[in-house]
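[1] Below: sequence and its predicted model.
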Amino acid sequence: MSQPFCVIRCAALLLAVSACVVVCAQGVKAEALNLALIAAQIARSGTARVIVLLDLSFVPEGTLSAAAAAQQRAAISAAQDVFINEVVKGSASKVLNRFAWTPSIVLEIDAPTLGRIRRAKHVKAVEADRLVQPMAPAALPGSPQ
């Protein structure tokens, strides 16, 4: 391998690693900001509605056989049960919705439950559950202008 090629290859690798570090850092900042906004909502009103995404791999059911989809739903339900027993049970927080096809749960939480969610091992993400304005049909891809 020639020296110029090696230098170019090393530079490309360094650039790729740097980009990954920046993206990861931005993700951490976004998660911290989101949790801070949820904590502020709890401080204002005593509770906040959140959507918790559990750290469980899943695939869209349309790509699965009926048996595989049923197996995936059972795994999602079991993961939700574990999370609820570890984090929500015995608190003032409420489970508002459990999704069957995705490892997500909608909760109304208080400050102690937010702390338990932050420390929970099997949580991939926490988002504030808020109303979002629907998109106008013309804004959707493929719709007539």
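    Looks like it arrived, so ask away.
[2] which SS state does the nearest residue to Ala48 once chain neighbours are set aside fall under?
    Closest residue in space to Ala48, ignoring its immediate chain neighbours: Gln41 at 4.0 Å, by CB to CB, 6 or more residues apart in numbering. C-beta coordinates here come from the backbone N, C-alpha and C atoms, glycine included. Secondary structure, DSSP: H, G, I helix; E, B strand; the rest coil: Gln41 is helix.
[3] what does Leu107 give?
    Per three-state DSSP, Leu107 ends up strand.
[4] give me the number of residues near it?
    27 (other CB atoms under 10 Å).
[5] Now tell me which helix or strand of this protein has the poorest mean pLDDT.
    The least trusted helix or strand in the chain, going by mean pLDDT, DSSP states H and E, turns out to be helix 3-45, with a mean of 58.
[6] Kindly export whichever helix or strand comes after it (C-alpha atoms) in CSV.
    Note on helix 3-45: by DSSP states H and E, the next helix or strand toward the C-terminus is strand 48-54. Provided in CSV are the C-alpha atoms of strand 48-54 (Å, rounded to 0.1, in the frame of the first residue of the first chain):
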residue,chain,number,x,y,z
ALA,A,48,-46.2,14.8,32.9
ARG,A,49,-47.4,12.5,30.1
VAL,A,50,-44.5,10.6,28.5
ILE,A,51,-43.9,7.9,25.9
VAL,A,52,-41.3,5.4,27.0
LEU,A,53,-39.6,3.3,24.3
LEU,A,54,-38.1,0.2,25.8
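[7] Can you give me the buried ones in the helix or strand that strand 48-54 is followed by?
    Using DSSP H and E, the helix or strand that follows strand 48-54 in sequence is helix 66-83. Using 16 or more other CB atoms under 10 Å as the test for burial, helix 66-83 gives 69, 72-73, 76, 79-80, 83.
[8] got it, and stretch 119-127?
    By 16+ other CB under 10 Å, the buried positions in stretch 119-127 come out as 120, 123, 126-127.
[9] low pLDDT regions in the chain?
    1-30, 135-145 (pLDDT under 70).
[10] before we move on, which element is the residue nearest the centre of it in?
    A centroid search over the chain (CA atoms, centre = their mean) returns Ala125, at 3.1 Å, as the residue closest to the centre. Here Ala125 sits within strand 123-128, counting by DSSP H and E.
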